[in-house]
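Colleague: sharing a model that was predicted from the sequence below.
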Amino acid sequence: MVKGRKKKSAAGRVFILLFILLLGAAGWASVRYLRSRPAPGPAVEGGTPGSGAPAPAGVATPRSAAMLYFSAPDGALLAPERRIVALPEDTLDRCRSILEELKKGPRQKAAPLLLVDLELRSLFLVDTVLVIDLQPKVRELAVGALQEALLWYSVVNSLIANNPDKVSAIHFLVDGAEADTILGHLDMRGPFRERPDLVRPEGT
């Protein structure tokens, strides 16, 4: 009986030892597998996580040919000038872009008209009438009657020419109110429409 028990005890110890060895081998294999796997890449905003793809760049404002109007060298009419400028799709943003280009002055032989900064209080559309509400500072400009006419129609013609389907007329306000006159010569009540008769033909 004692010998039989000893045989069973020895067989049990062998079985336990083999079981421990198998567990150890399985654990080592798992560690090697995990170490061999590539580490996941960082997630990139706008791309596939782990792909390293860059986020899409912002959409640039399209640039197109714009028609701007400045004073002819003799100061008698408006002179047209074509220029490649940023022209956003949004109508109000496009109008702001045109006004900024007018403030920069001409690049050719024309003369500047915006001798004082036309600071905006607001800019908005009423149907197809663009309302330009100016800061009172605009009244500081001292000009003659013809210069004043060319000044306002430089703005009017430029804005309408570059927004033909969106803007049909311009209404000027000062400090939120309509004025009988702004610079002392022109009647500023009501909207201004495009005046092609004040434009000198290109090339003349």
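Modeller: Structure's in. What do you need?
Colleague: C-alpha only now, for contacts and for neighbours.
Modeller: Will do.
Colleague: residue contacts, the nearest residue to residue 111 once chain neighbours are set aside?
Modeller: Of all residues not flanking residue 111 in the chain, residue 71 sits nearest, at 4.9 Å (C-alpha to C-alpha, 6 or more residues apart in numbering). Residue 71 makes contacts with 77-79, 110-113, 150, 154, as judged by C-alpha atoms under 8 Å, 6 or more residues apart in numbering.
Colleague: can you lay out these as JSON lines showing neighbour count?
Modeller: Below are those laid out as JSON lines (neighbours: other C-alpha atoms under 10 Å):
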{"residue": "77", "neighbour count": "21"}
{"residue": "78", "neighbour count": "29"}
{"residue": "79", "neighbour count": "25"}
{"residue": "110", "neighbour count": "19"}
{"residue": "111", "neighbour count": "18"}
{"residue": "112", "neighbour count": "20"}
{"residue": "113", "neighbour count": "23"}
{"residue": "150", "neighbour count": "23"}
{"residue": "154", "neighbour count": "28"}
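Colleague: report pLDDT for residue 75.
Modeller: Looking at residue 75, its pLDDT stands at 88.
Colleague: ditto for residue 111
Modeller: For residue 111, the model assigns a pLDDT of 75.
Colleague: and what of residue 60?
Modeller: The model's pLDDT for residue 60 equals 70.
Colleague: likewise for residue 190?
Modeller: On the pLDDT scale, residue 190 gets 88.
Colleague: and if you look at the one 5 residues further on?
Modeller: Confidence per residue is given as pLDDT, and for residue 195 that number is 96.
Colleague: can you check the one 4 residues further on too?
Modeller: With respect to pLDDT, residue 199 has a value of 95.
Colleague: hang on, isn't it packed against residue 81?
Modeller: No: if you go by C-alpha atoms under 8 Å, residue 199 and residue 81 don't touch, sitting 10.9 Å apart.
Colleague: mutual contacts of these two, please.
Modeller: With C-alpha under 8 Å, 6+ apart, residue 199 and residue 81 have common neighbours residue 69.
Colleague: quick one: what helix or strand has residue 158 in it?
Modeller: Assessed by DSSP states H and E, residue 158 sits inside helix 145-161.
Colleague: check which helices and strands the next helix or strand after that helix sits against.
Modeller: Downstream of helix 145-161, the next assigned helix or strand under DSSP H and E is strand 169-174. Here strand 169-174 touches strand 129-134, helix 145-161, going by 3 or more C-alpha pairs under 8 Å, 6 or more residues apart in numbering; DSSP states H and E.
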